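pasting a predicted model and its sequence here:
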Amino acid sequence: MKSFEKYDIPFVGLKLGLHIFSYQINGELLSLIEESPVKECDIAVQLEFTKRENVFELGFNLSGTVDVDCDRCNDLLKLPIEDRYKILVKFKALRESSQPDDDPDIIFIDKNETHLNIAELIYEFLILSMPIYKVHPDDEDGNSTCNQAVMEWLEGDDSDEGFGEEDEDDTFNDPRWEALRKLKQKK
Ligand SMILES: [Zn+2]
């Protein structure tokens with residue numbers, strides 16, 4: 001897991017107080033996460049790391065775009081992301097008995113740890129920042145910026161006359177159209 005190392009924060013060597021770390025996240029980090037549904041992104045992450053005596057306060061600012069397929073037209077969508085997350089890091093030995101160990105806002109680490117790796121945290125925040133329904137935005141006039149050819153076809157007539165048999169247009173040989181056609185037939 002060597003490539004994860006650049007997301008290690010060697011907190012033992014840090015003075016008390018605020019430290020700022022900056023990262024530029026792209027497909028390289030995503031490729032380290034096997035189950036990641038997204039493969040490419042361009043996200044600036046700024047981490048405000050405040051070291052206190054027995055607790056670390058982490059504030060993550062994410063800003064940039066994630067490459068996804070549009071849920072409406074299936075074309076590439078550079079989804080803008082702008083979000084902020086906070087998390088606390090505490091030592092296990094200091095956990096109060098009343099504190100549940102599944103609190104998503106607190107991470108407990110072993111007293112012997114010297115580094116905190118934030119790669120998976122950044123990944124989780126990136127996924128959390130994406131809306132469930134991801135579509136191209138409307139332009140200033142309120143018109144969809146989706147692929148118009150696809151939209152027209154989807155809205156087109158639904159008869160069972162076969163698809164594009166007498167249509168020599170190369171657009172219809174595009175494998176993405178084939179995928180759409182299968183989707184449509186399922187409905
Ligand atoms: Zn679209």
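On my side now, so go ahead.

what's the host helix or strand of Phe108 packed up against?
Element membership for Phe108, per DSSP states H and E: strand 106-109. Judged by 3 or more C-beta pairs under 8 Å, 6 or more residues apart in numbering; DSSP states H and E, the packing partners of strand 106-109 are strand 76-91. All C-beta spots, glycine's among them, are computed from the backbone N, C-alpha and C.

contact partners of the strand it packs on?
Residues from elsewhere that reach strand 76-91, judged by C-beta atoms under 8 Å, 6 or more residues apart in numbering: 41, 43, 54-70, 105-111, 116, 121, 125-126, 128-131, 134-136.

pairing partners for it, with directions?
strand 55-69 (antiparallel), strand 106-109 (parallel) (DSSP bridges).

for the chain, what lies in contact range of the ion?
70, 72-73, 136, 146 (C-beta under 5 Å from the ion).

return the list of helices and strands in contact with the very next helix or strand once past the strand holding Phe108.
Later in the chain than strand 106-109, the nearest helix or strand by DSSP H and E is strand 116-117. Contact partners of strand 116-117 among helices and strands, from 3+ C-beta pairs under 8 Å, 6+ apart: strand 8-9.

great, nothing more from me.
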